[in-house]
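Peer 1: Give me a 3D structure for the following:
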Amino acid sequence: MRTDYHNHLERGSLTLEYLKQFTDEAAKKGIQHFGISEHAYHFYQTKDILSNPWVEERRYYDMKDYVDLFKEAWNHGIDVKMSIEMDYTPGKHAEMKRFIDTYDFDYVIGSIHWVDDFGIDLKEFLHEWDRRDVNEVYEKYFDQVVTLAQSNLFDIVGHLDLVKIFKYVPGDEEFLMKQYERATDALASSKTCVEISTAGLRKPVGELYPDERLLSLCFQKNIPIVLSSDAHIPGDVGADYDQAIALAEKVGYSSLMTFQKGERKEVPLK
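Peer 2: Numbering: from 1, shown residues only. Predicted structure coming up:
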């Protein structure tokens, strides 16, 4: 069984023609469970959740058009899951829940891209890494992983250790493992699954999300997984899944979680 639950249309258009390029690629690569999870910040309906100058320049979608696209796809017999990738925003739990509950998502991804006003994975903010204390950024990032899990609003946490994207990693392994431990403790007490994402292989860090040590803790604490590519172009759908599956099996996983209209089902990895 293969899943690819984390994909974006933002570099193209909210049209059936463009969506089909993704679903056709998924079919070609043998992915049985495929979903689109556009960034929530693109939609006017999330303005009360996350707003900053970088985001406001990129807020140009309406959720009605998004939902209508999926209805059109389903009417054409295309099996695609409807999701959203929401920037987890501390202090906005009520607003996030209201937005999530408004739409009939198959599943919802929660991700952390911002530490206060610092866009940790954005090239526009790359210079900030050299001005900040890396340990402090990591601690604040994993503070949010903990409260994301505790909110129990999300089915999947996206790219769990995205914070490593530009290769800025604490030199103190004991400190780093402490962050991993508290994050996985919180996730284990929630409904949130972890994605093994191949996107990191296409980023400066050049490795999968999450780190093997972090994924091993997930396995030890019975946190379910999904596979995701975080494709922003059709050709990246299901990219490098041989490496993702190898890592999953190496740490002990033999199953994946699948989703449909909020319902989850565990299926064999092979």
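Peer 1: ranges for the helices of the stretch 151-270 of the chain?
Peer 2: For the stretch 151-270 of the chain, the helices defined by DSSP state H, counting those that start in this stretch cover 173-188, 212-220, 241-251.
Peer 1: Can you add distance to His232, mean pLDDT and mean neighbour count and give those back as TSV?
Peer 2: No exception for glycine: its C-beta is placed from N, CA and C like everyone else's. Output for the helices of the stretch 151-270 of the chain, formatted as TSV (distance: least, C-beta to C-beta, whole Å; pLDDT from 0 to 100; neighbours: other C-beta atoms under 10 Å):
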stretch	distance to His232	mean pLDDT	mean neighbour count
helix 173-188	26	98	17
helix 212-220	23	98	18
helix 241-251	17	98	16
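Peer 1: Adding distance to Leu160 as columns, could you present these in a markdown table?
Peer 2: A markdown table is the format used below for those (distance: least, C-beta to C-beta, whole Å):
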| stretch | distance to Leu160 |
| --- | --- |
| helix 173-188 | 7 |
| helix 212-220 | 6 |
| helix 241-251 | 13 |
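Peer 1: So the most centrally placed residue in the chain versus Val137, what's the distance?
Peer 2: Among the residues of the chain, the smallest C-alpha distance to the mean C-alpha position (C-alpha atoms, centre = their mean) belongs to Gly158, namely 2.3 Å. Noted for Gly158: a distance of 18 Å to Val137, by C-beta to C-beta, to the nearest Å.
Peer 1: do the same with Ile49
Peer 2: 22 Å.
Peer 1: same thing with Asp87?
Peer 2: Between Asp87 and Val137 the distance, using C-beta to C-beta, works out to 16 Å.
Peer 1: same thing with Phe259?
Peer 2: As judged by C-beta to C-beta, Phe259 and Val137 stand 31 Å apart.
Peer 1: Tell me which of the two has more neighbours.
Peer 2: Phe259 (22 against 19; other C-beta atoms under 10 Å).
Peer 1: Spell out the secondary structure type for the closest residue to the more buried one other than its chain neighbours.
Peer 2: Closest residue to Phe259 in three dimensions, ignoring its sequence neighbours and counting by C-beta to C-beta, 6 or more residues apart in numbering: Tyr107, at 3.8 Å. For Tyr107, the secondary structure call by DSSP: H, G, I helix; E, B strand; the rest coil comes out as coil.
Peer 1: same check, this time on Gly110
Peer 2: Of the three states, Gly110 takes strand according to three-state DSSP.
Peer 1: what number of residues lie near it?
Peer 2: Gly110 - counted by other C-beta under 10 Å - has 25 other residues nearby.
Peer 1: pretty sure it is touching Phe154, no?
Peer 2: Yes. Between Gly110 and Phe154 there is a contact at 3.3 Å, judged by C-beta atoms under 8 Å.
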